[in-house]
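*Asks:* have a look at this prediction, sequence included:
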Amino acid sequence: MLYTPNELNMPLARDAKILKTGLYFGIGGFSGEASYTIDSNFLLLANGLTAIGQNQYSFDGGAGYYHAIEDNLNLEVLLEYGYGRADADSKYDILFGEGNATEEDILHGSYTRACFQMDISRTNWKGGIIGFGIRVGSTFPRGFYYREILSTSKPGTPNQNSTTPPPPATLILDDNTYHSTTYAILVEPGISFNKKVGKHSFFHTSIGFSLGSGQNMTYGPISNTIYWPVMAALGYTFVF
């Protein structure tokens, strides 16, 4: 995928001079995030993600404002900007394909992303914190290239001077190449739950969805190559 969204980084901030870091494993791969509350209302944050099975990564950073609405209810507003890159070349057999059919996918591209995010968090009994957030932003792809090659094997031409069977020849069934894609508008809601399990640690789980619009970002012949619509992660958050 060119764009695999990271889970929403919800700092769920309440107090000044607090550092939070998180390490998670999810659908998109391994991710990490951090936030630091500068004072009683402003914070900084950063995120990073690396995908599984291909050379893909993304990172971003930003700042935000947070405010306690009441004792157990908190609001935060965040602005983020980042960069992502994907380079992959994978070849695999097509199940139930005739003649040892294979598919090769080659993808190269990068993008920048700008986002606005709003979260509401609530502290429940026994150290549980639940957060509801929504991230709205745009991705701007650059240098996008994708090639899909479908091929199959066929018997080679016999060699009259040899008893060794000829190696199979490759027949190209289909060869599609795309060189560009357009920006996308993304709406990404999510929910997270943090349960305190130690003096400085929380068990963390989250799920969310990435809903987008834009030519060839969610529709069209290469939609399943440049856009992934689901976010989910498990891991731990550490608070200092």
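*Replies:* Received, thanks.

*Asks:* residues making contact with the helix or strand hosting residue 59?
*Replies:* Using DSSP states H and E, residue 59 sits in strand 55-70. With C-beta atoms under 8 Å, 6 or more residues apart in numbering as the test, strand 55-70 has contacts from 1, 4, 6, 11, 13-14, 29, 37, 41-51, 74-88, 113, 115, 117. No exception for glycine: its C-beta is placed from N, CA and C like everyone else's.

*Asks:* quick one: find the helix or strand in the chain with the lowest mean pLDDT.
*Replies:* One helix or strand of the chain scores below all others by mean pLDDT, DSSP states H and E: helix 223-226, with a mean of 63.

*Asks:* what is the mean pLDDT for the helix or strand immediately after that one in the chain?
*Replies:* Later in the chain than helix 223-226, the nearest helix or strand by DSSP H and E is strand 230-239. Strand 230-239 comes out with an average pLDDT of 94.

*Asks:* please save the CA atoms from strand 230-239 in PDB.
*Replies:* What follows is the C-alpha trace of strand 230-239 in PDB, where atoms were taken according to Å, rounded to 0.1, in the frame of the first residue of the first chain:
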ATOM      1  CA  VAL A 230      -8.800   0.000   8.500                       C
ATOM      2  CA  MET A 231      -6.800   0.800  11.600                       C
ATOM      3  CA  ALA A 232      -6.400  -1.500  14.600                       C
ATOM      4  CA  ALA A 233      -3.600  -1.900  17.200                       C
ATOM      5  CA  LEU A 234      -2.600  -3.500  20.500                       C
ATOM      6  CA  GLY A 235       0.300  -2.500  22.700                       C
ATOM      7  CA  TYR A 236       1.400  -0.500  25.700                       C
ATOM      8  CA  THR A 237       1.600   3.200  26.600                       C
ATOM      9  CA  PHE A 238       4.100   4.400  29.100                       C
ATOM     10  CA  VAL A 239       3.600   7.600  31.200                       C
END
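
*Asks:* list of residues touching that strand?
*Replies:* Identification of contacts with strand 230-239 by C-beta under 8 Å, 6+ apart yields 5-8, 18-28, 31, 188, 190, 194, 197, 200-210.
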